[in-house]
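A.B. asks: coords please:
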Amino acid sequence: MKKIFLSFAALALVASVYSCRETEKKAEDAADTIEETVEEAADDAKNKLEDAADSIKEEAEKAADSLGDAVEDAVDGAMDDAKEKVEDAVDGVKDAMN
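C.D. replies: Residues are numbered from 1 along each chain as shown. Below is the predicted model:
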């Protein structure tokens, strides 16, 4: 009976050591998987931020171009109006002299 009890205890010890090794291996595999997932998520986030920055830059350039065009149009219009007023004033002075 003593031998059976000792054999059972030895078998339980071997099973527990083997079980711990399997658990440790599974924990390492899970840690590796988590690490890879976190790295992939970080890379994806970095890529999305770079894409967003590029889009913002492009839109800012478009807005600057549009603003430049609007200012140029406004200046051209003001210059044309000023030219017409000067011509009208000169014509008025000529008419007054005649």
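
A.B. asks: so where is this structure shaky, pLDDT-wise?
C.D. replies: Scanning the chain with the threshold set as pLDDT under 70 gives 1-2, 5-24, 98.

A.B. asks: kindly recompute the last result at 50.
C.D. replies: For the chain, no stretch is flagged by pLDDT under 50.

A.B. asks: quick one: the helices in it?
C.D. replies: If DSSP state H is used as the criterion, the helices of the chain fall at 2-97.

A.B. asks: go ahead and flag the most central residue of it.
C.D. replies: Nearest to the mean C-alpha position of the chain, by CA atoms, centre = their mean, lies Leu49 at 1.5 Å.

A.B. asks: measure that one to Ile56 for me?
C.D. replies: To Ile56, Leu49 is 10 Å away according to CB to CB, to the nearest Å. Yep, even glycine has a C-beta here, placed from its N, CA and C like the rest.

A.B. asks: Asp43: neighbour count?
C.D. replies: With neighbours defined by other CB atoms under 10 Å, the count for Asp43 comes to 10.

A.B. asks: whoops, Ser55 was the one
C.D. replies: Using other CB under 10 Å, Ser55 has 10 other residues around it.

A.B. asks: same thing with Val71?
C.D. replies: Neighbour count of Val71, defined by other CB under 10 Å: 10.

A.B. asks: OK, contacts around it?
C.D. replies: If you count contacts by CB atoms under 8 Å, 6 or more residues apart in numbering, Val71 has none.

A.B. asks: what's near enough to touch the residue nearest to the centre of the chain?
C.D. replies: Here Leu49 is in contact with no residues (criterion: CB under 8 Å, 6+ apart).
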